[in-house]
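Asks: below are the sequence and a predicted model; questions follow.
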Amino acid sequence: MKTILCYGDSNTWGYDPVSQLRMPRDKRWTGVLRLALGEAYLVIEEGLNGRTTVWDDPIELHRSGASYLPDCLESHLPLDLVIIMLGTNDLKVRFSVSAFDIANSAGVLVDIVKRCIIDPRYGVTPQVLLLAPPVVTRLSDFADMFAHAQEKSSDFGKQYKRVAEQKGCAFLDTSRIVTCSDLDGIHLEEPEHRKLGLAIAAKVRELLP
């Protein structure tokens with residue numbers, strides 16, 4: 001069995017912009033991925049609302065992806081693939097960082113996975129699939145918190161691809177697959193989760209046949 005860790009924020013957790021609750025397990029993209037891949041693959045969900053790449057949030061505490069990732073990796077070993085989709089929360093005004101720096105921060109997470117200590121009995125270090133988060137669209141309640149996020153996030157595809165090439169890991173630009181909801185501009189509605197899960201499943205089959 002191939003084991004896959006999905007490490008992300010509220011769009012991995014399954015926040016529903018319609019109900020503002022968590023989507024059912026089989027409706028969020030990780031569940032779609034699990035169903036599409038079948039019983040030969042184990043999909044582990046590690047989504048957290050508000051999670052950043054490397055930044056310690058002074059308002060929403062314990063949200064740094066870099067801080068938790070090492071423990072997370074060790075708790076789920078052995079792993080064949082780690083899928084990382086983080087960066088949207090880095091767009092918050094309080095962090096004042098560019099798309100270039102956000103992508104570089106995602107690269108720090110790739111490095112953490114590649115430095116993961118693997119017991120020789122478990123095999124090789126897990127592969128990494130780096131996902132550029134979707135472009136932020138029309139903001140509503142989050143407009144002040146995410147001012148200028150749409151402009152910055154439109155550069156995610158280019159910058160994340162650059163980092164993936166530098167780090168030698170697989171890459172997928174989710175903005176070419178899905179669109180964020182017009183209800184809040186940040187989260188994915190159920191049909192978009194399905195599209196994303198199926199697209200990632202096709203990529204996983206390439207990486208872990």
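Replies: Thanks, I have it.

Asks: tell me the contacts of the closest residue to Asn49 other than its chain neighbours?
Replies: In space, and not counting its chain neighbours, Asn49 is closest to Ser10: 4.3 Å by CB to CB, 6 or more residues apart in numbering. C-beta here means a position set from N, CA and C on the backbone, and glycine is covered the same way. Ser10 makes contact with 47-51, 186-187 under the criterion CB atoms under 8 Å, 6 or more residues apart in numbering.

Asks: please repeat the previous calculation with a cut-off of 7 Å.
Replies: 47, 49-50, 187 (CB atoms under 7 Å, 6 or more residues apart in numbering).

Asks: dump those residues into JSON lines; add secondary structure and pLDDT as well.
Replies: Output for those, formatted as JSON lines (DSSP: H, G, I helix; E, B strand; the rest coil; pLDDT from 0 to 100):
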{"residue": "Gly47", "secondary structure": "strand", "pLDDT": "98"}
{"residue": "Asn49", "secondary structure": "coil", "pLDDT": "98"}
{"residue": "Gly50", "secondary structure": "coil", "pLDDT": "98"}
{"residue": "His187", "secondary structure": "coil", "pLDDT": "97"}
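
Asks: which of those residues are buried?
Replies: 47, 49-50, 187 (16 or more other CB atoms under 10 Å).

Asks: how about the lengthiest helix in the chain: buried residues?
Replies: Secondary structure of the chain per DSSP state H: the longest helix is helix 190-207. Within helix 190-207, the residues scored as buried using 16+ other CB under 10 Å are 190, 192-197, 199-201, 203-204, 207.
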